[in-house]
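# what's the 3D shape of this:
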Amino acid sequence: MRRAGVVLVVAIMVAVTACSGQEDAASGEIAAPPSDPAKVSGGITVLTNRTDQIADGSLKKYAAEFNKIYPGVKVKFEGLTDYEGETKIRMNTENYGDVLLIPNSLSVEQYPNFFAPLGSSIKLSAAFDYTDHATVGGKVYGLANIGVANGFVYNKAVWEKAGIKDWPATPEEFVADLATIKAKTDAVPYYTNYKDGWPLTNWTNAIGSPSCDSGSYDSLAKTKEPWSSGSDLYEIDKLLYTVVEKKLSEPDPTTTNWEDSKAQIGSGKIASMWLGSWAISQMRAGAEAAGKNPDDIAFMPFPAKRDGAYCSVLRPDYQYAVNAHSENKEAARAWLDWYITKSGQAASEGSISSVKGAPLPDTLKAFSDNDVTMIPQRQENIVDVNKIDKASEIGITAQGYRQKLVDVARGAADGDMGSYFGELNGKWAEAQQALGG
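Sure, this is the predicted structure:
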């Protein structure tokens, strides 16, 4: 869905909330952790994007383990293939599950309209990472199950077949390596996942990596032209543009397929994709399903060094929240806490647990071994950044503007990199000025 649609839906959600149930949502009723599991009862619906875990029975097994502690709670899962789109429509009503993943298009300041507070930021930040990403007025409205490092998932066997063993240290080296892969192997050097769209949004999560600055995303609130030479967004989008322009990505991006891409990178038909570290285990499963070695799937940081070190931004994956209108908030909170702290799901998928002090998973051993600096993404100015982004109608966390970037790079849309970056800078500067920035 393009940004215009996102703006429209969010506006509708705010309007609907104002006239139906906002008083209840804004009442501040806390979804408190239950003190006695034996006394917790009720049925809850958990909305999830993990349709694969519904299909393979994983979530059903988690629910069975949960019921050993909370026998009075019946957990039902509802898998949404287009999670973002379907959830936004559902949130026009009060019927959006009891536990859900907070949609990316919903701005932080709107969280109290839709979700029950989970507790104070002081208390919860002592137990969980990333609580600042869902804190409004000193209260936390969402808890992440996992944290995510950002980088390129790649097929190490393909890269080594092309004679490449070391990580590229600059964007230029990365592009040169992809050209070598194209020349020496049959693999698609880079896969955009353009058609599904949402994988392109992950490039925004690289903000902070080129500069190794945890405040880079925050600085967008005061940056007049973010797509100017030397800025993180310029370096990130220039790299994607160059890869596509030099025909180092799939020949027809309109025919890409996310689910198929897992088997393709696993079998060596694709060499690399920019994603979060959560994808490593899925791509390794894809390799296994294709009869290949899952250890061929590896992870590398953005190709840029500062003071001799690579940097990868750590951010939360989807954050779990309790519907402010849920009739079983205590049961919903019981599931949320158990799933994050007791289920073992993060460890089983090689993800970074959000529980304070949890070690890095084995999937990121290469990052540990190569002293990749993990930097958090500060959120002090996130409300201002979101306001500018919304007013500009760019949608830096949506897929539309990068799909156009790919279209311009492959000649399917007018212009070139300079003209498109100029257009983006103009929209951002105009929105910032209109908002008094």
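
# Name the residue closest to the centre of this structure, please.
Asp317 (5.2 Å; C-alpha atoms, centre = their mean).

# dump the residue contacts of it.
Ala144, Asn145, Ile146, Gly147, Val148, Gly276, Trp278, Ser351 (C-beta atoms under 8 Å, 6 or more residues apart in numbering). Every C-beta, even on glycine, is put in place using the N, C-alpha and C of the backbone.

# Save the residues you listed as a markdown table, and put in distance to Leu100 and neighbour count too.
Converted to a markdown table, the contacts of Asp317 look like this (distance: C-beta to C-beta, whole Å; neighbours: other C-beta atoms under 10 Å):
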| residue | distance to Leu100 | neighbour count |
| --- | --- | --- |
| Ala144 | 13 | 25 |
| Asn145 | 13 | 25 |
| Ile146 | 16 | 25 |
| Gly147 | 19 | 25 |
| Val148 | 19 | 23 |
| Gly276 | 20 | 23 |
| Trp278 | 18 | 21 |
| Ser351 | 19 | 25 |
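
# Filter these down to the ones in strands?
Among these, the ones falling in strands (DSSP state E) are Ala144, Ile146, Gly147, Val148, Gly276.

# Enumerate the helices of the stretch 101-250 of the chain by residue range, in sequence order.
Per DSSP state H, counting those that start in this stretch, the stretch 101-250 of the chain carries helices over the ranges 111-114, 121-125, 156-161, 171-184, 198-201, 232-245.

# quick one, helices of the stretch 251-400 of the chain?
So, for the stretch 251-400 of the chain - with DSSP H, counting those that start in this stretch - the helices run 258-267, 279-289, 329-341, 345-348, 365-369, 382-392, 400-409.

# Please spell out which residues along the first one are buried.
Of the residues in helix 258-267, those buried under the neighbour-count criterion (16 or more other C-beta atoms under 10 Å) are Ser261, Lys262, Ala263, Gln264, Ile265, Gly266, Ser267.

# swap in the shortest one?
Buried residues in helix 345-348, counted by 16+ other C-beta under 10 Å: Gln345, Ala346.

# So what touches it?
Residues contacting helix 345-348 (C-beta under 8 Å, 6+ apart): Tyr62, Asn145, Ile146, Tyr339, Ile340, Ser351, Ile352, Ser353, Ser354, Ala358, Pro361.

# Not counting sequence-adjacent ones, nearest residue to the last one?
Put plainly, it is Pro361. The shortest distance from Pro361 to any non-neighbouring residue, by C-beta to C-beta, 6 or more residues apart in numbering, is to Gly350 (4.5 Å).

# Just confirm the one you found contacts Ser281, I think it does.
Yes - if you go by C-beta atoms under 8 Å, Gly350 and Ser281 touch, sitting 4.5 Å apart.

# Name the residues contacting each of the two.
The contact sets of Gly350 and Ser281 overlap at Thr363 (C-beta under 8 Å, 6+ apart).

# Gln319 pairs with what?
Ala144 (DSSP bridges).

# related to what we said a few turns ago, got a winner among the contacts of helix 345-348 for most neighbours?
The member of the contacts of helix 345-348 that has the most neighbours, counting by other C-beta atoms under 10 Å, is Ile352 with 27 neighbours.

# per-residue confidence at Ala4?
We have a pLDDT of 30 for Ala4.

# same question but for Ala18, I mixed them up
34.

# Which one of the ones in strands among the contacts of Asp317 is nearest to Ser228?
Ser228 lies nearest to Gly276 out of these, by C-beta to C-beta, at 26.7 Å.

# is it true that that closest one touches Asn202?
Yes - counting by C-beta under 8 Å, Asn202 is a contact partner of Gly276 at 6.0 Å.

# ok, so of the buried residues of helix 258-267, who is nearest Arg410?
Once C-beta to C-beta is applied, the member of the buried residues of helix 258-267 that ends up nearest Arg410 is Ser261, at 18.1 Å.

# Give me the distance between the closest one and Ser214.
30 Å (C-beta to C-beta, to the nearest Å).

# burial count for the nearest residue to Glu29 once chain neighbours are set aside?
In space, Glu29 comes closest to Ala116 once its chain neighbours are excluded; the distance is 5.9 Å by C-beta to C-beta, 6+ apart. When neighbours are counted by other C-beta under 10 Å, Ala116 registers 26.

# Next up, phi/psi of Ala116, please.
Ala116 adopts backbone torsions of phi -80, psi 140, taken as degrees, to the nearest 10.

# ok, back up a step: which of the helices of the stretch 251-400 of the chain sits closest to Lys161?
Nearest of these (C-beta to C-beta): helix 258-267, 13.1 Å.

# Could you list the low-pLDDT ranges of the chain?
1-28, 437 (pLDDT under 70).

# sorry, back to before: of all the helices of the stretch 251-400 of the chain, which lies closest to Lys165?
helix 365-369 (12.4 Å).

# Show me which positions of the closest one end up buried.
Applying 16+ other C-beta under 10 Å to helix 365-369 flags Ala366, Phe367 as buried.

# Same check on stretch 154-162?
Tyr154, Asn155, Lys156, Ala157, Val158, Trp159, Lys161, Ala162.

# any idea how far it is from the chain center?
How far stretch 154-162 lies from its chain's middle: 26 Å, per C-alpha atoms, centre = their mean, to the nearest Å.

# swap in stretch 115-126?
Worked out by C-alpha atoms, centre = their mean, stretch 115-126 lies 22 Å from the chain centre.

# For the residue nearest to Asp414 when sequence neighbours are not counted, which residues are in contact?
Setting aside the residues directly before and after it, Asp414 is nearest to Val408 in space (C-beta to C-beta, 6+ apart), at 7.4 Å. Val408 makes contact with Tyr241, Asp414, Gly415, Asp416, Met417, Tyr420, according to C-beta under 8 Å, 6+ apart.

# Give me the PyMOL select line for those, limited to the buried ones.
Restricted to buried positions by 16+ other C-beta under 10 Å, the PyMOL selection for these reads:
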select buried, resi 241+417+420
